[in-house]
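S.K.: Provide a 3D model corresponding to the input given below.
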Amino acid sequence: MTGNPTANILEVDHLSMRFGGIVAVKDLSFTAKRGDITALIGPNGAGKTTVFNCITGFYKPTTGMIRMIHGDSREFLLERLFDFRISKLAKVARTFQNIRLFAGMTALENLMVAQHNGLMRASGYTFLGLIGSPGFRSAERSAIDRARYWLDRIGLLARADEAAGNLPYGDQRRLEIARAMCSRPALLCLDEPAAGLNAREGEALSELLRLIRNEHDTSILLIEHDMSVVMQISDRIIVLDYGVKISEGTPQMIRDDPKVIAAYLGTDEKTAIAVMAGGA
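M.R.: Now for the predicted structure:
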């Protein structure tokens with residue numbers, strides 16, 4: 001793949017992941033464009049979360065290269081970095097299928113935790129924070145302002161002091177995304193952000209993701225089973241089946257691809273074409 005920094009923010013090149021004799025991902029290559037919302041979809045067990053885990057450093061791929069390219073032309077080979085350095089240096093943030101908020105902390109405190117690296121540096125790793133140095137107080141005010149900004153954008157500013165675990169499910173989903181955004185990522189990886197949301201909450205999520213993409217110079221890579229969300233907001237879609245890429249293109253191209261329909265129906269391509277034509 002070419003390394004054009006003006007076009008691609010992420011390049012996955014011949015990625016494979018094996019667990020003993022099981023091949024979870026096989027020779028996968030794709031790119032995510034800067035400023036795009038790119039969706040990774042496929043039936044259950046297609047290997048989507050495994051790909052995410054390789055990108056974010058939870059797994060070290062068996063083979064392949066994962067290149068993160070910043071707008072200033074800096075490049076990071078993610079398969080060579082530990083997960084915390086992928087977040088800190090390459091500016092990749094993620095959420096998970098299951099909500100991982102600190103339930104006993106307030107909504108505001110959850111967003112402050114996401115900014116701990118900057119606060120720790122400003123505190124001189126404890127001493128300057130203990131004496132309340134001007135530099136630490138300034139960093140703390142900035143962190144609070146950023147947290148309050150994101151609480152406002154997700155409609156939770158009035159509930160900033162409520163325990164995160166007491167918030168409704170849909171609010172917790174948005175709070176988790178806001179927490180990820182407090183780390184100011186260049187690439188935001190979302191693992192099934194619409195899971196468990198009703199139609200109204202799904203629409204609010206779509207609006208939030210568009211805001212993140214349009215106003216915060218953040219590219220988005222998401223895994224999602226809710227096809228209404230995927231088709232509504234994605235610029236490009238990659239489809240996996242049994243760890244292999246079977247299709248890639250715009251939402252309209254994916255919607256009309258018989259290989260994709262066959263994978264989701266659990267049938268063959270010929271039958272899928274008949275279904276599309278109304279013959280089955």
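S.K.: rest of the way, CA atoms for contacts and neighbours
M.R.: OK.
S.K.: between the two ends of stretch 220-239, how far is it?
M.R.: When the termini of stretch 220-239 are compared using C-alpha to C-alpha, to the nearest Å, they are 16 Å apart.
S.K.: quick one: mean pLDDT for it?
M.R.: Average pLDDT, stretch 220-239: 95.
S.K.: which residues touch it?
M.R.: Residues from elsewhere that reach stretch 220-239 (C-alpha atoms under 8 Å, 6 or more residues apart in numbering): 30, 32, 35-42, 48-49, 187-195, 202-203, 206, 209-210, 213, 245-251, 254, 260.
S.K.: helices of this protein, residue ranges please.
M.R.: 48-55, 83-88, 107-113, 116-122, 127-130, 134-153, 169-181, 199-215, 227-233, 251-255, 258-265, 269-276 (DSSP state H).
S.K.: so which of those gets nearest Glu162?
M.R.: Closest of the helices of the chain to Glu162 is helix 107-113, at 6.2 Å (criterion: C-alpha to C-alpha).
S.K.: rewinding a little: need the helices of the chain in JSON lines with distance to Leu101 and mean neighbour count, can you?
M.R.: Formatted as JSON lines, these follow (distance: least, C-alpha to C-alpha, whole Å; neighbours: other C-alpha atoms under 10 Å):
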{"stretch": "helix 48-55", "distance to Leu101": "19", "mean neighbour count": "22"}
{"stretch": "helix 83-88", "distance to Leu101": "17", "mean neighbour count": "17"}
{"stretch": "helix 107-113", "distance to Leu101": "7", "mean neighbour count": "23"}
{"stretch": "helix 116-122", "distance to Leu101": "15", "mean neighbour count": "17"}
{"stretch": "helix 127-130", "distance to Leu101": "25", "mean neighbour count": "15"}
{"stretch": "helix 134-153", "distance to Leu101": "14", "mean neighbour count": "18"}
{"stretch": "helix 169-181", "distance to Leu101": "7", "mean neighbour count": "23"}
{"stretch": "helix 199-215", "distance to Leu101": "17", "mean neighbour count": "16"}
{"stretch": "helix 227-233", "distance to Leu101": "23", "mean neighbour count": "16"}
{"stretch": "helix 251-255", "distance to Leu101": "32", "mean neighbour count": "15"}
{"stretch": "helix 258-265", "distance to Leu101": "32", "mean neighbour count": "19"}
{"stretch": "helix 269-276", "distance to Leu101": "41", "mean neighbour count": "16"}
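S.K.: rank those helices by pLDDT, which is bottom?
M.R.: Among the helices of the chain, helix 127-130 scores lowest, with a mean of 49.
S.K.: ok so, going back, how about the helices of the chain in JSON lines, adding distance to Ile9?
M.R.: Listed next are the helices of the chain as JSON lines, based on distance: least, C-alpha to C-alpha, whole Å:
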{"stretch": "helix 48-55", "distance to Ile9": "12"}
{"stretch": "helix 83-88", "distance to Ile9": "14"}
{"stretch": "helix 107-113", "distance to Ile9": "25"}
{"stretch": "helix 116-122", "distance to Ile9": "24"}
{"stretch": "helix 127-130", "distance to Ile9": "36"}
{"stretch": "helix 134-153", "distance to Ile9": "24"}
{"stretch": "helix 169-181", "distance to Ile9": "17"}
{"stretch": "helix 199-215", "distance to Ile9": "13"}
{"stretch": "helix 227-233", "distance to Ile9": "18"}
{"stretch": "helix 251-255", "distance to Ile9": "20"}
{"stretch": "helix 258-265", "distance to Ile9": "26"}
{"stretch": "helix 269-276", "distance to Ile9": "33"}
